[in-house]
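Undergrad: Sequence first, then the predicted structure:
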Amino acid sequence: MLFTTGTFLFLFLPATLLGFFVTARVCGQAVAAAWLALASLFFYGYWLPVYTILLLASVVANYGFATLILRQQAALRRAWLIVAITANLVILAYFKYANFLLSTANDVAGTHFPLLPIILPLGISFFTFTQIAYLADVYAGKVEQRNPIHYLLFVTYFPHLIAGPVLHHAEMMPQFAQSENYLPKLENFVVGFAFLVIGLAKKILIADSVAPVANDAFDNQLSVGIGIGHAWVGTLAYAFQIYFDFSGYSDMAVGLSLLVGVQLPYNFNSPYKARSIIDFWRRWHMTLSRFLRDYLYFPLGGNRKGPLRRQVNLLITMLLGGLWHGAAWTFVIWGGLHGTFLALNHGWRFSRERYSFIRVALKKPVVAWLWNGIALALTLVCVLIAWVFFRAKNFTTAGAIVTSMFWQPPGSRMSSHDLGLLPWMAGLGAVVLLLPNSQALIERLRTILTRVRVQTRAHELLAFLAGTEVVAIVLLALIAARRESTEFIYFNF
């Protein structure tokens, strides 16, 4: 069930909200939380009901593992943690990587092992990693609330279940225990609908519109011999597609959650405005970056064992982060590229701190202005090159497109079609580089709502805003219904 469909917006969502607030009033908070968890399971099972059993089994097993870890003596707690994490990774590996390993073995050894009839469960990476983080925090003594209904809701919560953000129990489970979240609030609806409208617009009006341009470059059989114009237009189109697709989903997730008063963490902060790869990963898919840092990079040693070990840890973290995104070597290369870029970025920072003449030069206004522009452009080029491998189906296509981005093949020239698309790409670039992002816009809206809350006619204004947003949602849903349904990119991860 997609957030952009009428089935979700006009059937599932109203029924879920009505049931949640009615059961909270009539039967109490525990029943309301259970209702929301059941609705989330229905949302997940709507795609393929049999995998609801897998999700439920994962939740029950991991809650059981957490209980065992808590109740065991110190000597056994670590053993149970290893068993629990291993069980999670084995299940993830089977569904996500079994055929990848078989096909790799066939290619390397010349064998002919048949591929398994596996359908990848939606969101398996997200709910697996969310629970691994929970287990690690239980082991570290960081878990204070263990309400089983709230844990079930924490894992299955439908706004984030399929494509994130990657949640942390400490920022979610306490919110499920707050009484005020079980009462409908008009202000929450206004802010939630605002996020939902922005997210729907990003997905329907921009991401789905620019997708055919990216597909034409990456899926066309002629992609191995495209010209420089086609390569750049296609790569830029995909960069904008994945940005507006995933940030749109994340905005919708935040908005949908706010309808019941629960604040999800933000996942994007204008990543294409970053002036370094380090800054990019503080802005792009922020909850995944946090997870990789806290539960992979730091346990590997982080930067505590010297600069060389830090670079190795960065590379390992990003290689595994690439593999997390998909079972293909192109994703591994994407992660390896970002790991390499991060290592180089840290090397530059080390040089800047060590050599005073670099620091002095960068403090001069003209040099600083020029360097900021160069850093922004260089970061974007690195991100774009990596996106080619992320999107391409094989190394042949990726290599051909990257080559064409910097070298015009003999006899080829920029077509009038590519020239005609350049203003569109430039316009989208201006949007992501110059305009405030969704959370900045919503924070301004919240400031305005705070000011009008004290006015006698505040409820009339809030109702008008909510009604206007509902109309916008209906119009966007009608536009989406006239197109072929397109899944969110991160549904595949």
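TA: Thanks, I have the structure now.
Undergrad: Only C-alpha atoms from now on, for both contacts and neighbour counts.
TA: Fine.
Undergrad: Now tell me which helix or strand of this structure has the poorest mean pLDDT.
TA: Ranking every helix and strand in the chain by mean pLDDT, DSSP states H and E puts helix 356-363 at the bottom, with a mean of 79.
Undergrad: Pull the distance from that one to the chain's centre.
TA: Its chain's average C-alpha position is 37 Å from that of helix 356-363, according to C-alpha atoms, centre = their mean, to the nearest Å.
Undergrad: on contacts alone, who are the packing partners of that helix?
TA: For helix 356-363, the packing partners by 3 or more C-alpha pairs under 8 Å, 6 or more residues apart in numbering; DSSP states H and E come out as helix 329-354, helix 365-391.
Undergrad: Which stretch among the ones you listed is buried most, on average?
TA: Highest mean neighbour count of the helices and strands packed on helix 356-363: helix 329-354, a mean of 19 (counted as mean count of other C-alpha atoms under 10 Å).
Undergrad: now that one against helix 365-391, angle please.
TA: Here helix 329-354 runs at 160 degrees with respect to helix 365-391, directions being taken by axes from the mean of the first three to the mean of the last three C-alpha atoms, to 10 degrees.
Undergrad: Could I get the helices and strands packed on helix 356-363 in CSV, plus columns for mean pLDDT and distance to residue 177?
TA: As requested, the helices and strands packed on helix 356-363 are arranged in CSV below (pLDDT from 0 to 100; distance: least, C-alpha to C-alpha, whole Å):
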stretch, mean pLDDT, distance to residue 177
helix 329-354, 92, 38
helix 365-391, 93, 40
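Undergrad: What average pLDDT does stretch 172-179 get?
TA: Throughout stretch 172-179, pLDDT has a mean value of 93.
Undergrad: buried residues in that stretch?
TA: When neighbours are counted by 16 or more other C-alpha atoms under 10 Å, the buried residues of stretch 172-179 are found to be 172, 173, 175, 176, 177.
Undergrad: Please report how far residue 355 lies from residue 488.
TA: Note on residue 355: its distance to residue 488, by C-alpha to C-alpha, to the nearest Å, is 46 Å.
Undergrad: When the two are compared, which one has more neighbours?
TA: Set side by side, residue 355 and residue 488 give different neighbour counts by other C-alpha atoms under 10 Å, the larger being at residue 488 (20 against 10).
Undergrad: Tell me the predicted confidence for that one.
TA: Turning to residue 488, the model gives it a pLDDT of 87.
Undergrad: I'd like to know which elements whichever helix or strand residue 91 is part of is packed against.
TA: Per DSSP states H and E: residue 91 is located in helix 74-109. Contacts of helix 74-109 with other secondary structure elements, assessed using 3+ C-alpha pairs under 8 Å, 6+ apart, are made with helix 50-71, helix 124-139.
Undergrad: how far is it from where the chain is centred?
TA: On the basis of C-alpha atoms, centre = their mean, helix 74-109 is displaced by 23 Å from the centre of the chain it belongs to.
Undergrad: buried sites along it?
TA: Going through helix 74-109 with 16+ other C-alpha under 10 Å, the ones that come out buried are 77-78, 80-81, 84-85, 88, 91-93, 95-103.
Undergrad: Closest to residue 126 out of the buried residues of stretch 172-179?
TA: Using C-alpha to C-alpha, residue 172 comes nearest to residue 126 of those, at 15.1 Å.
Undergrad: For the closest one, give its distance to residue 274.
TA: Computed with C-alpha to C-alpha, the distance linking residue 172 and residue 274 is 28 Å.
Undergrad: helix, strand or coil for residue 243?
TA: On the three-state scheme (DSSP: H, G, I helix; E, B strand; the rest coil), residue 243 is labelled helix.
Undergrad: for the residue lying closest to it once chain neighbours are set aside, what are its contacts?
TA: Excluding its sequence neighbours, the residue lying closest to residue 243 (C-alpha to C-alpha, 6 or more residues apart in numbering) is residue 207, at 7.8 Å. If you count contacts by C-alpha atoms under 8 Å, 6 or more residues apart in numbering, residue 207 has them with 240, 241, 242, 243, 244, 245.
Undergrad: how about a cut-off of 10 Å?
TA: By C-alpha atoms under 10 Å, 6 or more residues apart in numbering, the residues touching residue 207 are 200-201, 237-248, 486, 488-489.
Undergrad: Need phi/psi at it.
TA: Summarising the backbone geometry of residue 207 under the convention degrees, to the nearest 10, its torsions are phi -60, psi -50.
Undergrad: I'd like the distance between it and residue 237.
TA: Using C-alpha to C-alpha, one obtains 9 Å as the distance from residue 207 to residue 237.
Undergrad: Please enumerate the shared neighbours of the two.
TA: The contact sets of residue 207 and residue 237 overlap at residue 243 (C-alpha under 10 Å, 6+ apart).
Undergrad: Tell me, how many residues neighbour the residue lying closest to residue 36 once chain neighbours are set aside?
TA: Distances taken as C-alpha to C-alpha, 6+ apart put residue 20 closest to residue 36, at 6.3 Å, once the chain neighbours are dropped. For residue 20, the number of neighbouring residues by other C-alpha under 10 Å comes to 25.
Undergrad: Kindly report the same for the one 5 residues further on.
TA: The burial count assigned to residue 25 is 14, neighbours taken as other C-alpha under 10 Å.
Undergrad: Thought residue 183 was touching it, still the case?
TA: Yes: in this structure, residue 25 sits in contact with residue 183. The criterion is C-alpha atoms under 10 Å, and the distance is 8.0 Å.
Undergrad: residues contacting the residue most central in space within the chain?
TA: What sits nearest the mean C-alpha location of the chain, by C-alpha atoms, centre = their mean, is residue 285, with 4.7 Å. With contact set as C-alpha under 10 Å, 6+ apart, residue 285 has these partners: 164, 165, 166, 243, 246, 247, 250, 266, 267, 268, 269, 271.
Undergrad: where does the third one land in three-state SS?
TA: It refers to residue 166. Local secondary structure at residue 166 is given as coil here, using three-state DSSP.
Undergrad: and it, backbone torsions?
TA: Backbone dihedrals for residue 166, given as degrees, to the nearest 10, come out at phi -70, psi 120.
Undergrad: Could you report the separation of it from residue 46?
TA: Distance from residue 166 to residue 46, by C-alpha to C-alpha: 22 Å.
Undergrad: who's more crowded, those two?
TA: Between residue 166 and residue 46, counted using other C-alpha under 10 Å, residue 166 has the larger neighbour count: 27 against 13.
Undergrad: So, low pLDDT: which residues of the chain?
TA: Low-confidence segments of the chain, defined by pLDDT under 70: 221-225, 409-414, 454, 456, 485.
Undergrad: residue ranges of the helices in the stretch 151-300 of the chain, please?
TA: Applying DSSP state H, counting those that start in this stretch to the stretch 151-300 of the chain gives helices spanning 158-161, 169-176, 186-201, 208-218, 228-258, 277-283, 286-292, 298-300.
Undergrad: coming back round to it: now flag whichever of the contacts of residue 285 is closest to residue 133.
TA: residue 166 (9.7 Å).
Undergrad: Tell me which residues touch the closest one, please.
TA: Residue 166 sits next to 125-131, 133, 155, 160, 264-265, 267, 285-291 when contact means C-alpha under 10 Å, 6+ apart.
Undergrad: Next: residue 302.
TA: Contact criterion C-alpha under 10 Å, 6+ apart gives 293, 294, 296, 309, 310, 311, 312, 313, 314, 317 as the residues in contact with residue 302.
Undergrad: Return the distance of it relative to residue 316.
TA: Residue 302 sits 11 Å away from residue 316, going by C-alpha to C-alpha.
Undergrad: and whichever strand or helix holds residue 417, what does it pack onto?
TA: With elements taken from DSSP H and E, the one containing residue 417 is helix 416-434. With contacts defined as 3 or more C-alpha pairs under 10 Å, 6 or more residues apart in numbering; DSSP states H and E, the secondary structure elements packing on helix 416-434 are helix 208-218, helix 228-258.
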